[in-house]
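predicted structure and sequence below. I'll ask about it afterward.
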Amino acid sequence: MDERGRILIPSEEREKLGLKAGTEFQLIEKSGVLLLKPIIPKPVRVRSKKKKWGTEAFLDAGEATFGE
């Protein structure tokens, strides 16, 4: 911990957990142990009256969406 109270999380651990700059944490103290729990935003549900989506709706989705 530095003099300003900042804690460094090694890059390997950040990558493994998918943590990015700006991630907020909940601090939990139990029996003298501090637990940092990432605050995960709730997903936003989107509705549309469109029956079939075209590829133009997912320009940046890549292989994960279309299996190419």
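Arrived safely, thanks for sending.

what are the boundaries of the strands in this structure?
Across the chain, reading from the start of the chain, the strands by DSSP state E fall at 25-30, 33-38.

need these in JSON lines (columns: distance to residue 45).
Glycine gets a C-beta too; all of them are placed from N, C-alpha and C. As requested, these are exported to JSON lines (distance: least, CB to CB, whole Å):
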{"stretch": "strand 25-30", "distance to residue 45": "24"}
{"stretch": "strand 33-38", "distance to residue 45": "21"}
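
adding mean pLDDT, mean neighbour count and distance to residue 10, write these out as a markdown table.
Output for these, formatted as a markdown table (pLDDT from 0 to 100; neighbours: other CB atoms under 10 Å; distance: least, CB to CB, whole Å):
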| stretch | mean pLDDT | mean neighbour count | distance to residue 10 |
| --- | --- | --- | --- |
| strand 25-30 | 94 | 9 | 16 |
| strand 33-38 | 93 | 10 | 13 |
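
quick one: which of the ones you listed is nearest residue 2?
strand 33-38 (15.8 Å; CB to CB).
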